[in-house]
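Student: pasting the sequence and the predicted model now:
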Amino acid sequence: MRTVIRFRTPVSVYARASAVGKTEAEGPLGALFDFHDETDRFGADTWETSEESLSRTVLNLALARAKQSQDEIDLLFSGDLQNQCVASSAGCGSMGIPYLGLYGACSTSCEGLALAALALNAAKEVSRAAVVTTSHNAAAERQFRLPLEYGGQRPPTSQWTATAGGAFLLARADEPSLSPSAPRITGALIGRAIDGGVKDAANMGAAMAPAAADTILRFFSESGERPADYDRIVTGDLGTEGSSLLSELLRENGLDLAGRHRDCGVLLFDPLKTDVHAGGSGCGCSASVLSALFLPALERGELHRILFLATGALMSPSNLLQGGTILGIAPLVVLESGNGGGKK
């Protein structure tokens, strides 16, 4: 799959949900999220089990929106930032749905959407799939950097791991019971692991930007399309640092996104009100913003076509301590409005 995948049958995202913590709910998108918890604990005792609860919460919200039970879902694609994706397996994976655990770091939401669309096109036995992705600020900080209680200083290039999650329910778009206005996944491009030589865990934007540039350049080269064919080109969580570097890398290769680029890590927080430095990050960052902001705009026909590529920093604390570099990854899906979607 070195080229753009065009699905024989488009896949509808027929239900979605988002849930966030206190800081995220206070941001510019706060009113758009389906649920928020002022304590960031989601009814649990530890930060790690709080993320497990967040995972279950956001999937149950999507199921409630679709008026479905978990027994009606054939496959669950889910991932998070905790070791061995335990928040997903202990959270949603324990709900009895056949479960495939994913790790694409902060790109996991898009990886899950692409894999679910592939499964729905490849196997007639799969008629409904769910994709769930979460992150929790306190759990991620304790695993990848230092516990919050340590009070370590963060450099300007660092990003704030979002306490957030998104859930998506998918089915083949030719299913008669689905709303014709549901957004559709019509294509995908699988990302490549790109080593930009970055070793600084406090500058994930720089680590991920080369992968985002690689995916975008490959997509437009192989598809024959132009940025002008899309209303938005949405990256996962490059933040301000990575977004600036992405623009520079694309310009060096003769590509200008012409004001169409938006980054979920930039959109999630107001930097004048919340000290998040270079913006948001984490699996739940792009998942929650896609669910709360971009999919509803596609449903309403305000947007017609977008490229969504969540970006991930494939790092391990042990590898970094041994002097290793941080690889970036950026899978992509093409999302079109069912309400007047298609090429403009």
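Tutor: Done, it's in. In this text, all values refer to a predicted model and were calculated from it rather than measured experimentally.
Student: any regions of the stretch 201-344 of the chain where pLDDT drops low?
Tutor: Within the stretch 201-344 of the chain, the stretches with pLDDT under 70 are 340-344.
Student: now do the strands in it.
Tutor: Using DSSP state E, counting those that start in this stretch, the strands of the stretch 201-344 of the chain run over 232-235, 261-263, 280-281, 305-309, 312-314, 327-329, 332-336.
Student: same thing with the stretch 51-200 of the chain?
Tutor: 75-79, 99-102, 129-135, 160-161, 164-172, 184-189, 194-195.
Student: packing partners of the third one?
Tutor: Meaning strand 129-135. With contacts taken as 3 or more Cβ pairs under 8 Å, 6 or more residues apart in numbering; DSSP states H and E, strand 129-135 sits against helix 47-66, strand 75-79, helix 86-90, helix 108-122, strand 164-172, helix 283-289. In short, each C-beta sits where N, CA and C put it, glycine included.
Student: mind listing what's buried along the last one?
Tutor: Meaning helix 283-289. 283-289 (16 or more other Cβ atoms under 10 Å).
Student: which other helices and strands contact it?
Tutor: strand 5-21, helix 108-122, strand 129-135, strand 164-172, helix 264-267.
Student: what strands line up against the fourth one, and which way round?
Tutor: Strand 164-172 sits in its sheet next to strand 5-21 (antiparallel), strand 129-135 (antiparallel), going by DSSP bridges.
Student: average pLDDT for that strand?
Tutor: Taken as a whole, strand 164-172 has a mean pLDDT of 98.
Student: go on, the third one?
Tutor: Per-residue confidence for strand 129-135 averages out to 97 on the pLDDT scale.
Student: try the second one
Tutor: The average of the pLDDT scores along helix 108-122 is 98.
Student: next, the angle from that helix to strand 75-79.
Tutor: With axes from the mean of the first three to the mean of the last three Cα atoms, to 10 degrees defining the directions, helix 108-122 sits at 160 degrees from strand 75-79.
Student: for helix 108-122, what is the distance to the chain centroid?
Tutor: 12 Å (Cα atoms, centre = their mean, to the nearest Å).
Student: the nearest residue to His261 once chain neighbours are set aside: how many residues sit nearby?
Tutor: Distance criterion Cβ to Cβ, 6 or more residues apart in numbering; nearest residue to His261, sequence neighbours excluded, is Ile233 at 5.1 Å. The tally of other residues near Ile233 (other Cβ atoms under 10 Å) stands at 24.
Student: cool, and Leu178?
Tutor: 18.
Student: now it: how far from Asp195?
Tutor: Distance, Leu178 to Asp195, using Cβ to Cβ, to the nearest Å: 41 Å.
Student: which residues touch the residue nearest to His261?
Tutor: Residues counted as contacts of Ile233 (Cβ atoms under 8 Å, 6 or more residues apart in numbering) are 216, 227, 257, 260-262, 306-307, 309.
Student: outline the domain layout of the protein.
Tutor: Here the domain parsing of the chain from automatic domain parsing is 5-172, 184-336.
Student: before we move on, back to that, so which of the helices and strands packed on helix 283-289 is nearest Ala209?
Tutor: Closest approach to Ala209 among the helices and strands packed on helix 283-289 is made by helix 264-267 (11.7 Å; Cβ to Cβ).
Student: so which elements touch that closest one?
Tutor: Counting contacts by 3+ Cβ pairs under 8 Å, 6+ apart, helix 264-267 packs against helix 239-252, strand 280-281, helix 283-289.
Student: I'd say Arg262 and Tyr230 touch.
Tutor: No. Look at Arg262 against Tyr230 with Cβ atoms under 8 Å: they stay out of range, at 11.1 Å.
Student: give me the more crowded residue out of these two.
Tutor: Between Arg262 and Tyr230, counting by other Cβ under 10 Å, Tyr230 is the more crowded of the two (22 against 18).
Student: test my guess that that one contacts Ile306.
Tutor: Yes. At 5.9 Å, Tyr230 counts as touching Ile306 under the criterion of Cβ under 8 Å.
Student: want to throw the contacts of Ile233 into a markdown table with distance to Ala15?
Tutor: Shown next, in a markdown table, are the contacts of Ile233 (distance: Cβ to Cβ, whole Å):
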| residue | distance to Ala15 |
| --- | --- |
| Ile216 | 29 |
| Pro227 | 30 |
| Leu257 | 30 |
| Arg260 | 27 |
| His261 | 28 |
| Arg262 | 23 |
| Ile306 | 19 |
| Leu307 | 22 |
| Leu309 | 22 |
